[in-house]
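Colleague: Sequence plus the predicted model coming up.
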Amino acid sequence: MDVLLKIESDITIQEALDFIHSPACGGEVVFTGKVRNDTKGRGVTKLFYESYREMALSEMQKIADDVARQWDIKKIAMLHAVGDKYPGDIAVVVAVSSVHRGIAFDACEYAIDTLKARVPIWKKEFFEDGTII
Amino acid sequence: MGLLLFGVAKDIAGRSMITLPDGITTVGDLKTWLLATYPGLQQLNSLMIAVNREYAADNQLVAANDEIAVIPPVSGG
């Protein structure tokens, strides 16, 4: 399985798609996580993401290894943005390709759920009322 | 022995790196010292320690040349 991991200030859906394309794969699943303009009814002006970069990349590689053990996925890309991000910006992209679609959905869901639970990346929320959490 | 801090743990401690006192030999010792020194950390839902970029259990030994980090609840995605 081919793996693309990236933690950078700017990420794009296209680079993930370009990476997972393969003539052997009929199924491509892409999850995109974007910055919302509200959290529980409170207006959000921006998010700030930081990472423990070396460990985060290592944990993302472990997720890729888990995916390769569980499913016959051909390619996976996991990209996470860092720095200031505004409503509508892309925060995370997980893309997988496989021969057929079923396992691609399963693997993509596993990868994003596990990324959110384990990968050392943190966000700070800036609200319209000036508070920061 | 140095300690890296990230996220809200960094905000609570007011710094991104701390030099640890002598006498801390396990991850459990480190957590006890951290919670006593920075009581604000007690409010977090979890406080994990990473040793050499791996999540570590409380009984894991730590040494001066290890890379040790405080991992507050993660919130990526």
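Modeller: Structure's in. What do you need?

Colleague: Need the pLDDT of B:M1.
Modeller: What the model reports as pLDDT for B:M1 is 87.

Colleague: and it, what does it touch?
Modeller: B:19-20, B:24, B:62-64, B:66, B:68 (Cβ atoms under 8 Å, 6 or more residues apart in numbering or on different chains). Backbone N, C-alpha and C define where each C-beta goes, glycine included.

Colleague: how far away is it from B:D66?
Modeller: For B:M1, the distance to B:D66 under the criterion Cβ to Cβ, to the nearest Å works out to 8 Å.

Colleague: any residues touching the lengthiest helix in chain B, and which ones?
Modeller: Looking only at chain B and at elements set by DSSP state H, the helix with the highest residue count is helix B:27-37. The set of residues external to helix B:27-37 that reach it, using Cβ under 8 Å, 6+ apart, is B:3, B:20-21, B:23-24, B:41-42, B:47, B:49, B:51, B:56-60, B:62, B:68, B:70.

Colleague: 6 Å - rerun?
Modeller: Taking Cβ atoms under 6 Å, 6 or more residues apart in numbering or on different chains as the criterion, the residues outside helix B:27-37 that touch it are B:24, B:41-42, B:49, B:56, B:58, B:60.

Colleague: so which two of those residues are the farthest from each other?
Modeller: Of all pairs drawn from the contacts of helix B:27-37, the greatest distance, 21.5 Å, lies between B:Q42 and B:Q60 (Cβ to Cβ).

Colleague: Compare those two (neighbour count), which wins?
Modeller: Neighbours were tallied for B:Q42 and for B:Q60 using other Cβ atoms under 10 Å in any protein chain shown; the higher tally belongs to B:Q60 (16 against 11).

Colleague: Appreciated, that's everything.
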